[in-house]
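Asks: Below are the sequence and a predicted model; questions follow.
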Amino acid sequence: MSAQTASNQKTMSIIVTKGSLDWAYPPFILATTAAAMGVDVTMFFTFYGLPLLLKTLDLQVTPLGNAAMKMPVMGMHMGMPNVVSMLPGVDAAATVMMKNLIRKKGVASIEELRDLAVEADVHLIACQMTMDLFEYDVKDMIDGVKLGGAATYIEKALTANINLFI
């Protein structure tokens, strides 16, 4: 890539703060799509988003506090009242339903999207402070992850054309 092309390349940064199954999709879909369009993408994983970089994922979804979560059931979209969401086993059932829906509709898994991000040279930055706080080790993370702090992210964000907080 020439210096002229590099200086004209669009850039995007994404702060990833949530690590549930449903919240993992937006940052990875946006990052991989942008990278496929030639955008230089940086993803900064912090707090509860950091576990999305672990080699082994056990992503869950919870309908608790998510009034907008409506699943297609018997030809209609059915929501779940918060009081029902608090019952034991509801999160597990909601997770199974979501994973089945993802599989049935042919949506890529988070693991597949992460692999695409690595292949597309998306910069994956694990927040060093969060690593220390929650006692994670870099050997537990997927290959291609770099450690950095807030200053590392801010340097990228200050020059990015698009900054997203998810």
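Replies: Everything's here; your move. Residues are numbered from 1 along each chain as shown.
Asks: mind listing what residue 13 touches?
Replies: By CB atoms under 8 Å, 6 or more residues apart in numbering, the contact set of residue 13 is 41, 42, 43, 44, 153, 156, 157, 160, 162, 163, 164. Bear in mind the C-beta positions are built from the backbone N, C-alpha and C, glycine included.
Asks: TSV for these, including pLDDT?
Replies: Shown next, in TSV, are the contacts of residue 13 (pLDDT from 0 to 100):
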residue	pLDDT
41	98
42	98
43	98
44	98
153	96
156	96
157	96
160	97
162	97
163	97
164	96
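Asks: Looking at these, spot the one nearest residue 20.
Replies: Of all these, the one sitting nearest residue 20 is residue 43; the distance, using CB to CB, is 16.4 Å.
Asks: does that closest one count as helix, strand or coil?
Replies: strand (DSSP: H, G, I helix; E, B strand; the rest coil).
Asks: and it, bridged to which residues?
Replies: Note on residue 43: beta-bridge partners residue 14, residue 124, judged by DSSP bridges.
Asks: Pull out the buried residues from the contacts of residue 13.
Replies: Neighbour-count burial (16 or more other CB atoms under 10 Å) applied to these gives 41, 42, 43, 44, 153, 156, 157, 160, 164.
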